[in-house]
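Asks: Whatever this is, show me its structure:
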Amino acid sequence: MAVFWRWWGRYAGGLLLTVLILIGAWILRETNGAAIREFYRLLNLPLQQRGDEQQSLIQARTWQLEQQLAELQAENARLRQLLNTPMLPNLEGRIVPVIGRSSDQWWRFLLLGEGSRQGLSIGGVVIGNGGLVGRITSITPNTSRVMLLTDPASRIGVVVGRTRQMGILRGQLNQQVIVEFLEKDPKVQPKDTLFTSALSSLFPAGIPVGEVQSVELEDPTRPHATVILGAPIDRLEWVTVIPYAESTDTFTPN
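Replies: Alright, predicted model coming up:
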């Protein structure tokens, strides 16, 4: 027995190692190396997770930059449209951002991001891409409040471009406005374009306002037409402001 224990003490380590190697070889053969692959995967899992997190951050940042670039390109296109909008002779405009609107008075007024410090003043004519928007009715050093054409309290003199028939335009809290004509038979029809009238005291003549959508002439005491405004009042982001002093030589009902 003593001989056995001496032999065991001398060769036990090598024997156990040989048995483990044989068991490992059998497991590899039976699992086609799956155990080693799983062990390798577990060793590399922290590195993979860090790599995946970093890749996710890169993808998120790339998406953010792509969206910011798209928005800048869209805003650049809108500014180019404003710059290319034909302006009235001898009138210089200033492009100003829209910074605020009230949800319960969306069609009544909007707030501009410049005021008296930037040279704006009450009475300034506000034009959007497509036509007239309204006029500045109150002002602070850095903001201006614009009364929109869509406000029911708004009244401006307009003229039909094709026939030169006169009318008075009033808002009704949406993109459509109403024009009441001064004559019983105004000879107006759909697609006619309306402009500010030379008789207006609040606006220069000749600014595009909108296009006639439908005409109602059945009541001869109140012939009128529905007009779609040229400027997208509901989604304005930039406008052009033209300084204008109210004339005292002409009259337009308010």
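
Asks: Who are the packing partners of the helix or strand Ile156 falls within?
Replies: Assigned by DSSP states H and E, Ile156 belongs to strand 155-160. Contacts defined by 3 or more CB pairs under 8 Å, 6 or more residues apart in numbering; DSSP states H and E place strand 155-160 against strand 166-170, strand 193-196, strand 208-216. From N, CA and C alone the C-beta is placed, and that goes for glycine too.

Asks: what do you get if the cut-off is 7 Å, keeping everything else the same?
Replies: Counting contacts by 3 or more CB pairs under 7 Å, 6 or more residues apart in numbering; DSSP states H and E, strand 155-160 is packed against strand 166-170, strand 193-196.

Asks: partners of that strand, with directions?
Replies: Under the criterion DSSP bridges, strand 155-160 sits next to strand 166-170 (antiparallel), strand 193-196 (antiparallel) in its sheet.

Asks: Deepest-packed of these, please.
Replies: Here the criterion is mean neighbour count by mean count of other CB atoms under 10 Å, and of these the winner is strand 193-196, at a mean of 22.

Asks: contact partners of that strand?
Replies: Strand 193-196 is contacted by residues 132, 156-161, 179, 203-212, 227 when judged by CB atoms under 7 Å, 6 or more residues apart in numbering.

Asks: quick one: Gln213 and Thr226 touch, right?
Replies: Yes: here Gln213 reaches Thr226: they are 4.8 Å apart, a contact under CB atoms under 7 Å.

Asks: Make JSON lines out of the helices and strands packed on strand 155-160 and add distance to Gln118 and mean pLDDT.
Replies: Output for those, formatted as JSON lines (distance: least, CB to CB, whole Å; pLDDT from 0 to 100):
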{"stretch": "strand 166-170", "distance to Gln118": "29", "mean pLDDT": "93"}
{"stretch": "strand 193-196", "distance to Gln118": "24", "mean pLDDT": "91"}
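
Asks: Need those in JSON lines (columns: distance to Gly115).
Replies: JSON lines is the format used below for the helices and strands packed on strand 155-160 (distance: least, CB to CB, whole Å):
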{"stretch": "strand 166-170", "distance to Gly115": "27"}
{"stretch": "strand 193-196", "distance to Gly115": "24"}
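
Asks: Point out the one among these that comes closest to Leu69.
Replies: strand 193-196 (37.0 Å; CB to CB).

Asks: which residues do Gln213 and Thr226 both contact?
Replies: Contacts common to Gln213 and Thr226, judged by CB under 7 Å, 6+ apart, are Gln176.

Asks: coming back round to it: relative to Leu112, which of the helices and strands packed on strand 155-160 is closest?
Replies: Smallest distance to Leu112 across the helices and strands packed on strand 155-160 (CB to CB): 20.1 Å, for strand 193-196.
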